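Engineer: 3D model of this:
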Amino acid sequence: MKLTPEQENIISLSVKNQGIQLPSLQDDIIDHLCCVIESQLGKGKDFDLLLQEAIHDIAPNGLKDIQRQTIFLLNAKRIIIMKKVMYSIGFLGALALTAGVVFKLFWYPGANLLFTVGLITLLLLFIPLLAFDRYKVAISKAISIRLKIVLGAVSAVIAGLSGIFKMLHLQGADILLGTAAIVFAFGFLPLLFFTMYKKAIV
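Structural biologist: As a prediction, the model looks like this:
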């Protein structure tokens with residue numbers, strides 16, 4: 001049984017209203033839904049119910065999930081390179097920070113430089129990059145999860161700045177450390193335990 005122009009328009013609007021922005025993907029999904037619904041029309045089921053079932057069959061988490069997966073596949077090579085760079089920065093930062101601590105313990109020259117470079121690399125480069133990566137993954141999730149990522153990154157960066165200020169004997173280190181502690185204790189931690197609690201009771 002063939003779909004009416006009005007029914008085709010409803011399918012098209014349903015796809016667009018779910019946030020599909022890639023024109024080619026929009027057309028593919030609309031064509032697929034039209035074919036599936038046409039094959040089921042006239043078998044005793046309402047059109048609206050058939051549309052809901054067809055959408056759920058191809059995208060149980062919503063049509064926008066298909067778009068996210070499509071974009072990821074189209075950009076997979078670039079994303080992998082970015083992740084390699086990000087984790088390399090994290091590794092080098094951790095290595096420099098550890099070397100700085102060891103050099104400090106044994107009174108070797110260059111301890112302060114290594115410690116500062118490690119701190120800057122980890123807390124001012126790696127943590128923001130990691131937070132941005134995690135935020136992109138959690139973009140469709142609850143606001144509490146996204147806010148937790150942002151507040152965790154902000155508190156880590158401020159704490160890192162405090163450590164650098166302390167090492168360089170600059171003013172404001174204590175204020176920065178206090179600010180980081182407040183953001184961590186009253187922003188990040190409540191959201192962390194709230195999300196853990198929600199996962200535990202599901």
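
Engineer: residues in contact with the least confident helix or strand in the chain by mean pLDDT?
Structural biologist: Every helix and strand of the chain was ranked by mean pLDDT, DSSP states H and E. The lowest is helix 63-74, at a mean of 75. Residues from elsewhere that reach helix 63-74 (CB atoms under 8 Å, 6 or more residues apart in numbering): 15, 18-22, 25, 29, 55, 58-59, 79, 140. Just so you know, the C-beta spots here come from the backbone N, C-alpha and C atoms, and that holds for glycine as well.

Engineer: what comes up buried for the longest helix seen in the chain?
Structural biologist: Taking DSSP state H as the criterion, the chain has its longest helix at helix 76-105. By neighbour count with 16 or more other CB atoms under 10 Å, helix 76-105 contains the buried residues Met86, Ile89, Gly90, Leu92, Gly93, Ala96, Leu97, Ala99, Gly100, Phe103.

Engineer: ditto for stretch 30-39
Structural biologist: Within stretch 30-39, the residues that count as buried by 16+ other CB under 10 Å are Ile30, Leu33, Cys34, Val36, Ile37.

Engineer: Restrict it to CA atoms and write it as CSV.
Structural biologist: C-alpha atoms of stretch 30-39 as CSV (Å, rounded to 0.1, in the frame of the first residue of the first chain):
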residue,chain,number,x,y,z
ILE,A,30,13.2,9.2,5.2
ASP,A,31,13.5,6.7,2.2
HIS,A,32,14.1,3.8,4.6
LEU,A,33,11.2,4.7,6.9
CYS,A,34,8.9,5.1,3.9
CYS,A,35,9.8,1.7,2.5
VAL,A,36,9.3,0.0,5.9
ILE,A,37,6.0,1.7,6.6
GLU,A,38,4.7,1.0,3.1
SER,A,39,5.4,-2.7,3.5
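
Engineer: how many neighbours does Pro5 have?
Structural biologist: 7 (other CB atoms under 10 Å).

Engineer: Let me fix that, I meant to ask about Gly172.
Structural biologist: If you count neighbours by other CB under 10 Å, Gly172 ends up with 12.

Engineer: does it really touch Ile164, like I thought?
Structural biologist: No. Gly172 is beyond contact range of Ile164, at 10.8 Å (criterion: CB atoms under 8 Å).

Engineer: Low-confidence stretches in the chain?
Structural biologist: The model of the chain has pLDDT under 70 over residues 1, 76, 139-140, 202.

Engineer: where along it do the helices fall?
Structural biologist: 5-17, 23-40, 47-58, 63-74, 76-105, 111-119, 127-137, 143-167, 173-183, 189-201.

Engineer: The second one versus helix 47-58: what angle between them?
Structural biologist: On the basis of axes from the mean of the first three to the mean of the last three CA atoms, to 10 degrees, helix 23-40 is oriented at 120 degrees to helix 47-58.

Engineer: next one: the shortest one
Structural biologist: Put simply, helix 111-119 runs at 150 degrees to helix 47-58, going by the same axes, to 10 degrees.

Engineer: and what of the last one?
Structural biologist: Using the same axes, to 10 degrees, the interaxial angle of helix 189-201 with respect to helix 47-58 works out to 100 degrees.

Engineer: mind listing what's buried in helix 189-201?
Structural biologist: Leu191, Leu192, Thr195.

Engineer: Many thanks, we can stop here.
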